[in-house]
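Q: Got a predicted structure plus its sequence, pasted below:
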Amino acid sequence: MAGNTITIGVASRPYPSEIVNGDAHAVHWSEGSCRIAVIDGLGHGVAAAEASARAVAVLDAHPDLDPAEALRRCHTALVGTRGAAISVVRLDPARGELVYAGIGNVEGHLWQGGRQERMIAYRGIIGSAMRTVRPFTMQLADEWTLLMHSDGVSARADLHALDLPTPWDPEQLAQAVLERYGREHDDALAVVAMPRA
């Protein structure tokens, strides 16, 4: 997947023996900015996939919502489902900023300037128990790499440890993260975004 200034790679797989994946993602473009959401339906199997699909439908219907409002809309829509952990990032290269909001254990990591920053999500379950959402903003350098992933991927995932050739390819990175850091007994999904070369 690609946009004008950002390129994105995605890799995912369901829980072993399942044919549906409870992890999902959604990407939307709006006036030069890119919103990426990673959704982890609780557990695995059909019920988890149904919760994730409902969240994706809400996000698809409202591509312009900021990350915090996107989470609030998903929370309302997921009441009565198993629920989900969701993190949402809006990348705005023109303004040089990233806005992030998350509830539950979907991870976000940003590599830039020779260091890694972890984005912190609040505890809770979208559709069941959600506290007030407080987004935060980070400044983007000219060169950066974003990794977002469900808890089916270890939080210790390190892009530099993969020892892949540069310049990095986001699709290759996402697949390598899934293969090296994916947990055996869960759905798993990794999304990588970076500026287009």
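A: That came through fine.

Q: Just the element for the residue nearest in space to the middle of the chain, please.
A: Residue closest to the average C-alpha location in the chain (Cα atoms, centre = their mean): Val38, at 3.2 Å. Using DSSP states H and E, Val38 sits in strand 33-41.

Q: Parallel or antiparallel, which strands does that strand pair with?
A: Using DSSP bridges, strand 33-41 pairs in its sheet with strand 23-30 (antiparallel), strand 84-92 (antiparallel).

Q: pLDDT at the residue nearest to the centre of the chain, what is it?
A: Looking at Val38, its pLDDT reads 98.

Q: Hmm, it is touching Val191, no?
A: Yes. Counting by Cβ atoms under 8 Å, Val191 is a contact partner of Val38 at 5.8 Å. Glycine gets a C-beta too; all of them are placed from N, C-alpha and C.

Q: any common contacting residues for these two?
A: Residues touching both Val38 and Val191 by Cβ atoms under 8 Å, 6 or more residues apart in numbering: 25, 148-149.

Q: wait, which of those is closest to Val88?
A: Nearest to Val88 out of those is Met148 (Cβ to Cβ; 9.3 Å).

Q: Next, the closest one: secondary structure please.
A: Here Met148 is recorded as strand under DSSP: H, G, I helix; E, B strand; the rest coil.

Q: Please tell me how far the closest residue to Gln112 other than its chain neighbours sits from Glu97.
A: Ranked by Cβ to Cβ, 6 or more residues apart in numbering and with sequence neighbours excluded, the top spatial neighbour of Gln112 is Trp144, at 3.8 Å. Trp144 sits 11 Å away from Glu97, going by Cβ to Cβ, to the nearest Å.
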